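>>> structure for this input, please:
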Amino acid sequence: MTAREPLVVGNVSGFYGDRAAALREMLDGGPVDVLTGDYLAELTMLILARDRAKDASLGYARTFLRQLEDTLGTALDRGVRIVVNAGGLNPAGLADAVRGLAHRLGLRVRIGHVEGDDVRSRVDGEPLAANAYLGCWGIVECLRAEADVVVTGRVTDASLVVGPAAWHHGWARDDWDALAGATVAGHVLECGPQATGGNYSFVGELADPRRPGFPLAEVHADGSSVITKHPGTGGAVTRDTVTAQLLYEIGGPAYAGPDVVARFDTVLLSDDGPDRVRIAPVRGKPPPPTLKVGISRLGGHRNEATFVLTGLDIEAKAELVRAQVEDALGDTRPDSLEWTLARTDHADADTEEAASALLHLVAHDADPAKVGRTFSAVPVELALASYPGFHLTAPPGDARPYGVFTAVTLPQGNVEQVAVLPDGPRVPVPPPPATREVSPSDAREAANPVDLGPTRRVPLGAIAGARSGDKGGTANLGVWVRSREAYGWLVRYLTVQRLHALLPETAAYPTVRYLLPSLRAANFVIDGLLGAGVAAGTRFDPQAKALGEWLRSRHVDVPEVLL
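Numbering: from 1, shown residues only. Reported below is the predicted structural model:
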């Protein structure tokens, strides 16, 4: 390879538990230079922290080892490098485990890993985990030392792509535009088949949505890229599938990482052939002077029960059982009881399930005894003494711990990133050569709204796609349309106030709208909607994965010319 040739980077994992066969599929599907895998969501860090608490040698994503069992030899034979963040809370432990696997397989492999993200000693209290989101340059050092496999802990998801691209093309640390372009490509790849038609609003337009292939990025020397997939794999790569992933779990247009700020409001997409979408240009600026740090703590203990309410008088039945449960708990009442009545019932239904509503009860307390068997006994004891048709979806269980994720920042200079090279040397990675403060309000409102005349009442999804997700207790909801005229209408119509009216559950929470005209998109960031985060799990959709599809289902007045 020369520095002028694009680097072909593929993804083989979007989360801990993703398709196990993906690594083999990507190796066998066609040419690729580097395979990356993202295993670390916020919830995953808590899961790995509990593993580490039981056994100090653990704390990494063990599924990665299983993926390597029958693929490591193939990757070595073909010169395909592998870069993953599966090291989680113990990258050195996973690097040792990969060496052990290679020894059992009779393979010689060079393994590097990246340390320094564990900052538990620098935060208050005794968290289960506290990890800084590192950048790409530790990965670059390992690849420069001819590592076949690079294992990291908590780096930003996009860094898994930026690192190989920076190594291959020889970028300097202040090549801001190139780094920003690779960051955007990495953001598209990080969630695997979400870029190729998975979880896609217009799934009915795809010829074969059953098993979407994993994505590839051809990253060029200037940071521009082409998103594609191996021939013959399912799903599709289109401007819409790429747009959907670009909107996933972002905030404002200034997408801040540890190495660069990528300006998402400069991103342009264009067709480059079947299943090929070009991303260019992307503008970048120096990163902020601080690093994000994700902290996982034990939040307490929880338990839950779900009552089935069938037929008539649903509200009265719910009121009765709620009063009975709270009376019976008395002095043993947990700190928090959250009741949610889901009106899934239909009048005059022709199946019992369609005639039923669900009443969810979630209990939290610092004392496991208050949400343990004492709590579980209360719904069970009501089985013959409550509303007609009483039953539960499952018997209540025992108390179980839950975690709380929060984010803070630390100065970049206070975090010591270290690349541990295959032959053992430890190479410190210095802070970036320049930093700048990032304003979260950059380009918040920058479009010309228009009025397009007579309207017709239809679901918003008739003209708009959406993708939503979580960051701790905050939800984001990205909405995009397919024409300039539709975007002018979207800007005028879908304000924060309108969003609150369409999705009443969001109305109590501070919400900011960011506009991305080059993507014909608006992104809403809803702070606090998800409470203490997915591990606390009190919301029906604790990671806001379907929030966008709920919005698309709401009926709105759309100009007829757009339909």
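>>> could you measure from residue 544 over to residue 310?
29 Å (C-beta to C-beta, to the nearest Å). From N, CA and C alone the C-beta is placed, and that goes for glycine too.
>>> ugh, wrong one, I meant residue 325
18 Å.
>>> more neighbours, the two?
Using other C-beta atoms under 10 Å, the more surrounded residue of residue 325 and residue 310 is residue 325, with 23 against 19.
>>> so where's the stretch 251-400 of the chain shaky on pLDDT?
Counting by pLDDT under 70, not a single residue of the stretch 251-400 of the chain qualifies.
>>> same thing with the chain?
1-3, 440-449, 535-537.
>>> per the record, what domains does this structure have?
7-294+407-429, 297-404, 455-562 (automatic domain parsing).
>>> can you put those in a markdown table and add distance to residue 436?
Output for the domains of the chain, formatted as a markdown table (distance: least, C-beta to C-beta, whole Å):
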| stretch | distance to residue 436 |
| --- | --- |
| domain 7-294+407-429 | 5 |
| domain 297-404 | 31 |
| domain 455-562 | 19 |
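>>> which of these is buried the deepest?
domain 7-294+407-429 (a mean of 21; mean count of other C-beta atoms under 10 Å).
>>> return the distance of that domain from the chain's centre.
13 Å (C-alpha atoms, centre = their mean, to the nearest Å).
>>> any idea how far apart the tips of it sit?
23 Å (C-alpha to C-alpha, to the nearest Å).
>>> is residue 478 in contact with residue 521, as I believe?
Yes: judged on C-beta atoms under 8 Å, residue 478 makes contact with residue 521 at a distance of 5.8 Å.
>>> now the common contact residues for these two.
Common contacts of residue 478 and residue 521 (C-beta atoms under 8 Å, 6 or more residues apart in numbering): 246-247.
>>> paired strands for the lengthiest strand in the chain, with orientation please.
In the chain, assigned by DSSP state E, the strand with the most residues is strand 290-310. Note on strand 290-310: by DSSP bridges, its sheet partners are strand 129-132 (antiparallel), strand 356-365 (antiparallel), strand 391-392 (antiparallel), strand 400-411 (antiparallel).
>>> switch the ones you listed over to TSV; also include distance to residue 230.
Listed next are those as TSV, based on distance: least, C-beta to C-beta, whole Å:
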stretch	distance to residue 230
strand 129-132	33
strand 356-365	42
strand 391-392	47
strand 400-411	35
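>>> residue 270: which of the ones you listed is closest?
Of all these, the one in closest proximity to residue 270, counting by C-beta to C-beta, is strand 400-411 (34.8 Å).
>>> after that closest one, which helix or strand is next?
Counting by DSSP states H and E, the next helix or strand C-terminal to strand 400-411 is strand 417-420.
>>> what does the helix or strand following that following strand rub up against?
Counting by DSSP H and E, the element after strand 417-420 in chain order, helix or strand, is strand 426-429. Outside strand 426-429, the residues within contact range by C-beta under 8 Å, 6+ apart are 116, 137-138, 141, 416-421.
>>> reformat those as TSV; add distance to residue 468.
Below are the contacts of strand 426-429 laid out as TSV (distance: C-beta to C-beta, whole Å):
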residue	distance to residue 468
116	32
137	32
138	32
141	36
416	36
417	32
418	36
419	36
420	38
421	41
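>>> closest to residue 253 out of those residues?
residue 137 (24.7 Å).
>>> can I assume that closest one is in contact with residue 167?
No: applying C-beta under 8 Å, one finds residue 137 not in contact with residue 167, separated by 9.5 Å.
>>> residue 362 against residue 538, yeah?
Yes: with contact defined as C-beta under 8 Å, residue 362 reaches residue 538; the gap is 5.0 Å.
>>> common neighbours of the two, please.
residue 338.
>>> the closest residue to residue 455 other than its chain neighbours in helix, strand or coil?
Nearest residue to residue 455 in three dimensions, chain neighbours excluded: residue 557, at 3.9 Å (C-beta to C-beta, 6 or more residues apart in numbering). Here residue 557 takes the strand state, with states given by DSSP: H, G, I helix; E, B strand; the rest coil.
>>> in contact with residue 557, which residues?
455-457.
>>> out of those residues, which sit inside strands?
Using DSSP E, the contacts of residue 557 in strands are 455-457.
>>> tell me which residues are up against whichever helix or strand residue 113 is part of.
Secondary structure assignment for residue 113, by DSSP H and E: strand 111-115. Contacts with strand 111-115, where a contact means C-beta under 8 Å, 6+ apart, come from 87, 91-92, 94-95, 98-99, 102, 134, 138-139, 141-143, 145, 147-153, 155, 417-422.
>>> let's go with 6 Å and repeat that
With contact meaning C-beta atoms under 6 Å, 6 or more residues apart in numbering, strand 111-115 is reached by 91-92, 95, 98-99, 138, 142, 147, 149-152, 418-422.
>>> hang on, the earlier thing: between the domains of the chain, which one is closest to residue 435.
Nearest of the domains of the chain (C-beta to C-beta): domain 7-294+407-429, 4.0 Å.
>>> measure the nearest residue to residue 425 once chain neighbours are set aside to residue 169 for me?
In space, and not counting its chain neighbours, residue 425 is closest to residue 145: 7.9 Å by C-beta to C-beta, 6+ apart. According to C-beta to C-beta, residue 145 and residue 169 sit 17 Å apart.
>>> for the stretch 201-350 of the chain, which segments count as strands?
Assigned by DSSP state E, counting those that start in this stretch, the stretch 201-350 of the chain shows strands spanning 215-219, 225-229, 254-256, 261-263, 269-271, 277-279, 283-285, 290-310, 336-342.
>>> many thanks, have a good one.
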